[in-house]
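Peer 1: How does the following fold in three dimensions:
(chains A and B)
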Amino acid sequence: DTEVTQTPKHLVMGMTNKKSLKCEQHMGHRAMYWYKQKAKKPPELMFVYSYEKLSINESVPSRFSPECPNSSLLNLHLHALQPEDSALYLCASSQDYQGGWTDTQYFGPGTRLTVL
Amino acid sequence: AQSVAQPEDQVNVAEGNPLTVKCTYSVSGNPYLFWYVQYPNRGLQFLLKYITGDNLVKGSYGFEAEFNKSQTSFHLKKPSALVSDSALYFCAVRGISSNTGKLIFGQGTTLQVKP
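Peer 2: I've put the predicted structure just below:
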């Protein structure tokens, strides 16, 4: 099973709200990713967790706060977002071998976020 | 710097005809190449990858891709297109990084298969 699940599917929030996106995988993968995707554009990497530790932060604004509570779960906490943050937020996971390379990234269906 | 180019924004094919979606890459060292497909309002679905070995890679839904090192290309192909193949296709190369492999994506190619 190569399934990554994401909740909610859709989210509408005001600029003063606090909300969270959730991602879950049960493939035993130890690397998990957050991407942001605008319409008809490629995904843009935001964060990478490797063995529950933050490995990469692509200079993402602090209004986005990732969290990896355990090896199966990845959260993205949102606070004081701007309308330009409206996008599809994708989670992905992959095996993460200590030898320094990773296997295929499997993506979830995404959360469609609208910031009013 | 590593990069991926998909030279066509859109490819139009008649159903039943062969299709090709082009991808060229630029990396240091050995490339690890991937193709993903995205249907409207959905996440990316993995189609196939090249890591090493045979230059012709077979993947999901009847797709295949040919790795050509001299031309630095990894074109996606299918012998007979279906209307249901209409979607957005992304080629990606894995960046060189220590424990986590950052994917470098092309800009995407919209495939339109007409009945």
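
Peer 1: tell me the strands in the chain, going along the chain?
Peer 2: Here I'm looking at chain A. Secondary structure of chain A (DSSP state E): strands located at A:4-7, A:10-13, A:18-25, A:31-37, A:44-50, A:53-57, A:64-70, A:73-79, A:87-94, A:96-97, A:101-102, A:106-107, A:111-115.

Peer 1: wrong one, chain B
Peer 2: Secondary structure of chain B (DSSP E): strands at B:3-5, B:10-14, B:19-21, B:24-26, B:33-38, B:44-50, B:56-58, B:64-68, B:73-78, B:87-94, B:103-105, B:109-114.

Peer 1: Give the rounded mean pLDDT of the first one.
Peer 2: Mean per-residue pLDDT for strand B:3-5: 94.

Peer 1: Other residues contacting that strand?
Peer 2: The contact list for strand B:3-5, computed with CB atoms under 8 Å, 6 or more residues apart in numbering or on different chains, reads B:23, B:24, B:25, B:26, B:91, B:92, B:93, B:104, B:105, B:106, B:107. (C-beta placed from N, C-alpha, C; glycine too.)

Peer 1: redo that, cut-off 7 Å
Peer 2: Under the contact criterion CB atoms under 7 Å, 6 or more residues apart in numbering or on different chains, strand B:3-5 has outside partners B:23, B:24, B:25, B:26, B:91, B:92, B:93, B:104, B:105, B:106.

Peer 1: Could you list the paired strands of the lowest-mean-pLDDT helix or strand in chain B along with their orientation?
Peer 2: Using mean pLDDT, DSSP states H and E, the weakest-scoring helix or strand in chain B turns out to be strand B:103-105, at a mean of 91. Its sheet considered, strand B:103-105 pairs with strand B:87-94 (antiparallel) by DSSP bridges.

Peer 1: Quick check: residues of chain A near chain B?
Peer 2: Residues of chain A that fall close to chain B, judged by CB under 7 Å from any CB of the partner chain: A:31, A:40, A:42-43, A:45, A:48, A:50, A:55-56, A:90, A:96, A:98, A:100-102, A:104-110, A:112.

Peer 1: Now the buried members of those residues.
Peer 2: Neighbour-count burial (16 or more other CB atoms under 10 Å in any protein chain shown) applied to the residues of chain A next to chain B gives A:31, A:42-43, A:45, A:48, A:50, A:55-56, A:90, A:96, A:101-102, A:104-110.

Peer 1: Enumerate every residue touching residue 72.
Peer 2: The chain I'm using is chain A. Counting by CB under 7 Å, 6+ apart, residue A:72 has contacts A:24, A:25, A:26.

Peer 1: Actually, chain B is the one I wanted.
Peer 2: Going by CB under 7 Å, 6+ apart, residue B:72 touches B:24, B:25, B:26.

Peer 1: what about the first one, neighbour count?
Peer 2: Translated: residue B:24. 17 (other CB atoms under 10 Å in any protein chain shown).

Peer 1: Buried residues, stretch A:18-27. List them.
Peer 2: By neighbour count on 16+ other CB under 10 Å, the buried set for stretch A:18-27 is A:19, A:21, A:22, A:23, A:24, A:25.

Peer 1: bridging residues for the residue nearest to the fourth one when sequence neighbours are not counted?
Peer 2: Nearest residue to residue A:23 in three dimensions, chain neighbours excluded: residue A:91, at 3.3 Å (CB to CB, 6 or more residues apart in numbering or on different chains). Residue A:91 has the following beta-bridge partners by DSSP bridges: residue A:34.

Peer 1: Nothing else from me, thank you.
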